[in-house]
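J.: Need a 3D model of the sequence below.
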Amino acid sequence: LVYKFWSTVLSKAGIDDPIDAAAVHLGAGAWGVIAVTLFAMDKEAPLNQYGMGGLFYDINDRLSWIRLGWAFLGLTVIISWTAANMFFVFFVLKKCNLLRVDDAVIAGT
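T.: Below you'll find the model as predicted:
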């Protein structure tokens, strides 16, 4: 479901990703970061007794909301870091004329 959602979003945004690598890695990675704060349950603290479980175990637990905020901040940092580095890489590839393959090569002629 996560992959399909991101694949549709990126396709509608006009992002050219023929093998859906961004949908797989961005979507699954983002869900993995967020899902931990929603579903986590410490084996030492059943029923969220000490505030160590995920948000779904106790929606009124302040620490669960704080961890969710940290997860979103971490996700923002990861996406920003990746975007900045990939901008540099793709800029260099474009200037060296190595970013795209000729249509003739794709067609196999």
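
J.: C-terminal to the longest helix along the chain, what's the next element?
T.: For the chain, the helix with the greatest residue count under DSSP state H is helix 62-95. Using DSSP states H and E, the next helix or strand after helix 62-95 towards the C-terminus is helix 103-107.

J.: Tell me, how many residues neighbour Y57?
T.: 20 (other C-beta atoms under 10 Å). Just so you know, the C-beta spots here come from the backbone N, C-alpha and C atoms, and that holds for glycine as well.

J.: Run through the protein and note the low-pLDDT ranges.
T.: 42-52, 109 (pLDDT under 70).

J.: can we see that at 50?
T.: The chain contains residues with pLDDT under 50 at 45, 48.

J.: Do I have it right that W65 meets L55?
T.: Yes - counting by C-beta atoms under 8 Å, W65 does reach L55; the two are 7.0 Å apart.

J.: Look at the two and report which has more neighbours.
T.: L55 (19 against 13).

J.: Next, the contact list for that one, please.
T.: T37, L38, D61, S64, W65, R67, L68 (C-beta atoms under 8 Å, 6 or more residues apart in numbering).

J.: Test my guess that the third one contacts G53.
T.: To tie it back to what came earlier, the one meant is D61. Yes - with contact defined as C-beta under 8 Å, D61 reaches G53; the gap is 7.4 Å.

J.: Those two - which one has more neighbours?
T.: Shown here are D61 and G53; by other C-beta under 10 Å, G53 has more neighbours (23 against 17).

J.: How about that one, nearest residue that isn't a chain neighbour?
T.: Excluding its sequence neighbours, the residue lying closest to G53 (C-beta to C-beta, 6 or more residues apart in numbering) is M41, at 4.5 Å.

J.: And for G14, the neighbour number?
T.: Count around G14 with other C-beta under 10 Å applied: 6.
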